[in-house]
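A.B. asks: Sequence and computational prediction follow.
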Amino acid sequence: MNPKLSLPALVALVSSGVGTASAQALPTTQPAYLTIVREEVKLGRGAEHTRIEAGWPAAFAKAKSPSSYLALASLTGQDEVWFTIPFASNAAVAEEFKRQDADPVLSAELARLARADAEVLTGHTVVQAVARPDLTTGAFPDVAKQRFWQITTFRVKPGHRPDFEAAAKAYGAAAQRAEPKTSYRVYELIAGAPGPTFFIFSSVESYGQFDDLKAAGDKTAQGLTAEERAALQKFSAEGLVSSETNRFRLDPAMSYVSPETRAQDPAFWIPKKQVARATTQP
């Protein structure tokens, strides 16, 4: 695996310099852009993958790299980890291309980790997405407290982006009426895979709260107006290629966050024992 296309290089892109500060705080508003690194793990190699990936946050911390990212380990679907990396603009990314090789010690360590990672993976995909605040619903959560994610991927037929947007706005309006605390973030794929593709991110502090999400979804469906229902049906019948929902657990060992974030909940963020694949906790 080429380390220039791996997680370390992408983290370098979203940092504001190498060796100058500790990891930045997690975002408090929806990031404008999101890079998602998806790593598919070989069957039976999860423990090794976790151990190797834990080396990256350690390397970044030693270099005082001012960035952050979250590692979301799959609970359903393909055995994989999504590394989600926020950044503010493409201009910021362009600046970081100039800096990513500034620390030869860090670069050498990242290359070593990338070679080790290649032995335990069956696939590695990088995509970039842009925030769609016009389709996003509800308040942005306290990310440091979120433990589980639900991500739905909508693949849309070419030419039917307006149908998806109309359906998303209709659903968002109905969801806010049904449960004002409903919260999810919408991103649109801009590079790395066929489009139009949209990602819907929702998150909870405990796995049991997925019951609340289901109840809110059922209530939303029951409360749709005729116009809202028509928008959803039109998109489903004419514009939808496929949709897939999967659930993930935040893995603290593979995530890179600031010391201040870790100090908020050291029992979670500084685990005594690393695990191969996240398990459901109530």
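C.D. replies: Great, that's in hand.
A.B. asks: so where is the stretch 101-250 of the chain shaky, pLDDT-wise?
C.D. replies: Applying pLDDT under 70 to the stretch 101-250 of the chain flags residues 101.
A.B. asks: Show me the strands in it, by range?
C.D. replies: Applying DSSP state E, counting those that start in this stretch to the stretch 101-250 of the chain gives strands spanning 121-131, 148-156, 185-191, 197-204, 240-250.
A.B. asks: CSV please, covering these and showing distance to residue 231.
C.D. replies: Placement of C-beta: from N, CA and C, glycine included. Below are the strands of the stretch 101-250 of the chain laid out as CSV (distance: least, Cβ to Cβ, whole Å):
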stretch, distance to residue 231
strand 121-131, 22
strand 148-156, 14
strand 185-191, 15
strand 197-204, 15
strand 240-250, 13
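A.B. asks: continuing past the strand or helix carrying residue 58, what's the next helix or strand?
C.D. replies: Per DSSP states H and E, residue 58 falls inside helix 46-62. Per DSSP H and E, helix 46-62 leads on to strand 70-74 as the next helix or strand towards the C-terminus.
A.B. asks: where's the helix or strand following that following strand relative to the chain centroid, distance-wise?
C.D. replies: Once the chain leaves strand 70-74, the next helix or strand it forms, by DSSP H and E, is strand 80-87. Here the centre of strand 80-87 is set off from its chain's centre by 4 Å, with Cα atoms, centre = their mean, to the nearest Å.
A.B. asks: tell me which strands and helices strand 80-87 is in contact with?
C.D. replies: helix 7-14, strand 33-41, strand 70-74 (3 or more Cβ pairs under 8 Å, 6 or more residues apart in numbering; DSSP states H and E).
A.B. asks: Please look at residue 48 and residue 121 and confirm they touch.
C.D. replies: No: contact status for residue 48 versus residue 121: not in contact, 10.2 Å apart, counting by Cβ atoms under 8 Å.
A.B. asks: Figure out which of the strands of the stretch 101-250 of the chain is closest to residue 74.
C.D. replies: Across these, residue 74 has its closest neighbour in strand 240-250 (5.5 Å, Cβ to Cβ).
A.B. asks: What are the buried residues along the helix or strand following that closest one?
C.D. replies: Going down the chain from strand 240-250, the next helix or strand is helix 259-264, by DSSP H and E. Of the residues in helix 259-264, 261, 262 count as buried by neighbour count, 16 or more other Cβ atoms under 10 Å.
A.B. asks: What average pLDDT does helix 259-264 get?
C.D. replies: Mean per-residue pLDDT for helix 259-264: 91.
A.B. asks: wait, what's in contact with residue 171?
C.D. replies: Residues near residue 171 by Cβ atoms under 8 Å, 6 or more residues apart in numbering: 220, 228, 232.
A.B. asks: distance of the spatially most central residue of the chain from residue 248?
C.D. replies: For the chain, the residue nearest the mean C-alpha position is residue 84 (3.7 Å; Cα atoms, centre = their mean). In this view, residue 84 and residue 248 are 10 Å apart by Cβ to Cβ, to the nearest Å.
A.B. asks: again, but for residue 66
C.D. replies: 25 Å.
A.B. asks: Looking at the two, which has the bigger crowd around it?
C.D. replies: residue 248 (25 against 18; other Cβ atoms under 10 Å).
A.B. asks: in the sheet, who's paired with that one?
C.D. replies: residue 74, residue 149 (DSSP bridges).
A.B. asks: So it sits against residue 146, correct?
C.D. replies: No: judged on Cβ under 8 Å, residue 248 makes no contact with residue 146 at a distance of 10.4 Å.
A.B. asks: related to what we said a few turns ago, and the contacts of residue 171 as a markdown table, adding neighbour count?
C.D. replies: Formatted as a markdown table, these follow (neighbours: other Cβ atoms under 10 Å):
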| residue | neighbour count |
| --- | --- |
| 220 | 20 |
| 228 | 20 |
| 232 | 19 |
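A.B. asks: Turn those into JSON lines, columns for distance to residue 164.
C.D. replies: What follows is the contacts of residue 171, written out as JSON lines (distance: Cβ to Cβ, whole Å):
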{"residue": "220", "distance to residue 164": "17"}
{"residue": "228", "distance to residue 164": "14"}
{"residue": "232", "distance to residue 164": "10"}
